[in-house]
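Colleague: Next come a sequence and a model predicted from it.
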Amino acid sequence: MEKTSRGETQSGFTLLTISISLAVFMSSLDGTIVNIALPTISTDFNLSSSTVSWVATIYLLVLAGCVLIFGKLADRIGFKKIFLTGFIIFTLGSFSCAILPDLLNSFAVLVGSRVFQAIGGAMITAIAPAMVTAFIPMSQKGKAMGVIMTAAALGTAIGPTIGGVLTQYLSWHWIFFINVPVGIIAVLLGAKVIPATGPLSKPAGFDKAGALLIFVGLAALLFAVSEGMSLGWTSPVILSSLALAIITLGYFVLHELRVADPLLELRLFKNKNFLMTNLIMALVFFSFAGINYLLPFYLQYVKGYGVSDSGLILTALSAAMMVAGVISGLLYNRVGGRKLCIAAGILLVIGYFMMTLLRINTSTGFVTITLLVLGFSLGLMITPASNMIMNSVGKQYQGMVSSLTSLERFAPLTLGIAFANLVFMQGIAAIAGHRGITESAPAKIQMELMTAGFDLAFFASLVIAVIILILAILARQEVHPDYQAGNDDDAKIGII
């Protein structure tokens, strides 16, 4: 496709950014939107809480297990085919989740539909950053990545709020119905604006063994972590799952280092900057997942806010994240990714330090300011870190590395929540006795116990934030020769 004018090209880049943003927003949204509707679904199907939780768990397990596979496939057969096929599957899966379970009166159908939906979600999420790198000129990459990564983070953050509104005022089915019109629009838009390209890597035998190992390993690990608290960390099921994860993931590493065309090129991690920026990305979402999980409990059980008031207060974090994401995208090409990451790391440390100051009598104003600082720092960090990762490797690895950044968003959702929960419970068990809480009046014991748990969990997040800041300071911004000025073929790809 040839460019006809600068204005039409700019319009094409904007439409492409919107198309990718819709994809990552909806896929991320569905990772968290269901949680708040689980009690209602449990009542409808007369299920226990542990059984109904599979509606949420299975989506994240399949998503995390599939993203690397589809990232590699995208390098082999082209981004447009994977993206459009993924969105069609995601949309059909959403429609199936909304209609078939009630029609067939089967909870198993709902879980199966979520698997189908997650496969589509993995396809569109895996290649979103790669599409920015491949189709957007270097001068506009920062802005585009800012919008897209903000959409991804925002979808994760506001999922429970949207889910609560739809479930309360309509029904839990609308959590899935809402995806259908958006999916249709995104498919039509994507078909028009996404350039058709051939494979970026030379076709070879697909690494089926690696795909099986990474899927089984990640699924086993995330299952063990997500179900460990309810089933017991020493239960045979959890221990077996952890053993399976260690064996399969360990063998995956050995296998990938030997195979000619690996699913994940582990040798890329020999580059210290690539390793550090990926660690930054993973730790940011790891800490964010835990805080996002604990904050509603703090606001409702310690501060005594209602569900709706808590949701309203938490929107400060989402709003700040969205604003900072756009700002970081605009500043990326002017300031550079490393400086933005350092600035975001400093704010992140400040935000998590403020979290450690939250108490029973903390004012609503201070809580809101804390959330604003935290949300702004998270939004400021995600865009430059993503750009630094994507721009540091050659074009033949675009899909692979793009799927890696997606994995670094979704896997920490489960791992971060489990870690935060463990630290929270440990805080209650270990700190409470040292503070003489058991000597307090009975009415105060429960409140003080919970506050002790939050104190330790928030302090753990502060430690993680310090590590992120250190990594940001040590990292350097590198641009692969494929994207250097004068050697960037992005601008040669016409978009109508």
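Modeller: Perfect, thanks for sending it.
Colleague: and whichever helix or strand S27 is part of, what does it pack onto?
Modeller: Remark: S27 resides in helix 6-32, with elements defined by DSSP states H and E. Secondary-structure packing of helix 6-32 (3 or more CB pairs under 8 Å, 6 or more residues apart in numbering; DSSP states H and E): helix 54-77, helix 79-104, helix 107-126, helix 128-135, helix 138-169, helix 179-193, helix 398-434. In short, each C-beta sits where N, CA and C put it, glycine included.
Colleague: do that again at 7 Å, thanks
Modeller: For helix 6-32, the contact count by 3 or more CB pairs under 7 Å, 6 or more residues apart in numbering; DSSP states H and E identifies helix 54-77, helix 107-126, helix 128-135, helix 138-169, helix 179-193 as packing neighbours.
Colleague: so of those, which one's packed in deepest?
Modeller: Most buried of the helices and strands packed on helix 6-32 by mean neighbour count (mean count of other CB atoms under 10 Å) is helix 128-135; its value is a mean of 27.
Colleague: picking that back up, quick one: closest of the helices and strands packed on helix 6-32 to S230.
Modeller: helix 54-77 (10.7 Å; CB to CB).
Colleague: Centre of the chain to the closest one, how far?
Modeller: 12 Å (CA atoms, centre = their mean, to the nearest Å).
Colleague: before we move on, the earlier item: quick check: angle from the very next helix or strand once past the helix holding S27 to helix 138-169?
Modeller: Next helix or strand after helix 6-32 toward the C-terminus (DSSP H and E): helix 38-45. Counting by axes from the mean of the first three to the mean of the last three CA atoms, to 10 degrees, helix 38-45 lies at 50 degrees to helix 138-169.
Colleague: List the buried residues in helix 38-45.
Modeller: L38, T40, I41, S42, D44, F45 (16 or more other CB atoms under 10 Å).
Colleague: List the residues that contact the residue nearest to the last one when sequence neighbours are not counted.
Modeller: If the residues on either side of it in the chain are set aside, F45 comes closest to F107, at 4.5 Å by CB to CB, 6 or more residues apart in numbering. When the contact criterion is CB atoms under 7 Å, 6 or more residues apart in numbering, the partners of F107 are F45, L47, P101.
Colleague: and of these, the nearest to L374?
Modeller: Closest to L374, out of all of the contacts of F107 and judged by CB to CB, is L47, at 35.2 Å.
Colleague: Neighbours of the closest one, how many?
Modeller: With neighbours defined by other CB atoms under 10 Å, the count for L47 comes to 16.
Colleague: State the helix or strand in which it lies.
Modeller: Per DSSP H and E, there is no helix or strand for L47.
Colleague: same check, this time on F176
Modeller: Assigned by DSSP H and E, F176 falls in helix 174-177.
Colleague: related to what we said a few turns ago, how about CSV for the buried residues of helix 38-45, with pLDDT added?
Modeller: Shown next, in CSV, are these (pLDDT from 0 to 100):
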residue, pLDDT
L38, 72
T40, 79
I41, 80
S42, 79
D44, 81
F45, 82
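Colleague: Which residues are in contact with the closest residue to F95 other than its chain neighbours?
Modeller: Distances taken as CB to CB, 6+ apart place V180 nearest to F95, at 5.3 Å, with adjacent residues excluded. V180 makes contacts with T91, S94, F95, as judged by CB under 7 Å, 6+ apart.
Colleague: now G112
Modeller: Contacts of G112 (CB under 7 Å, 6+ apart): none.
Colleague: any idea how far it lies from N292?
Modeller: From G112 across to N292, the span is 28 Å (CB to CB, to the nearest Å).
Colleague: Tell me how far stretch 402-417 lies from the chain's centre.
Modeller: Offset of stretch 402-417 from its chain centre (CA atoms, centre = their mean): 5 Å.
Colleague: Show me what that stretch is in contact with.
Modeller: The set of residues external to stretch 402-417 that reach it, using CB under 7 Å, 6+ apart, is 31, 60, 63-64, 67-68, 70-71, 125-130, 152, 218, 222, 225-226, 264, 278, 281-282, 285-290, 293, 386, 389-390.
Colleague: Angles on the backbone of E265, please.
Modeller: phi -80, psi 90 (degrees, to the nearest 10).
Colleague: all numbers from here: first residue = 27
Modeller: Yes, from this point I'll number from 27; that puts the last item at E291.
Colleague: could you say which helix or strand contains A237?
Modeller: A237 belongs to helix 234-257, assigned by DSSP H and E.
Colleague: Give the other helices and strands that that helix contacts.
Modeller: helix 80-103, helix 262-284, helix 424-460.
Colleague: Verify the stated contact: F202 with L126.
Modeller: No: using CB atoms under 7 Å, F202 is not in contact with L126; the gap is 10.3 Å.
Colleague: Compare those two (neighbour count), which wins?
Modeller: Neighbour count, other CB under 10 Å: between F202 and L126, F202 has more, with 25 against 15.
Colleague: what's the spacing between that one and Q194?
Modeller: Counting by CB to CB, the gap from F202 to Q194 is 16 Å.
Colleague: And for L406?
Modeller: Taking CB to CB, one finds L406 at 33 Å from Q194.
Colleague: Pull up the per-residue confidence for the residue nearest to F71.
Modeller: pLDDT recorded at F133 is 87.
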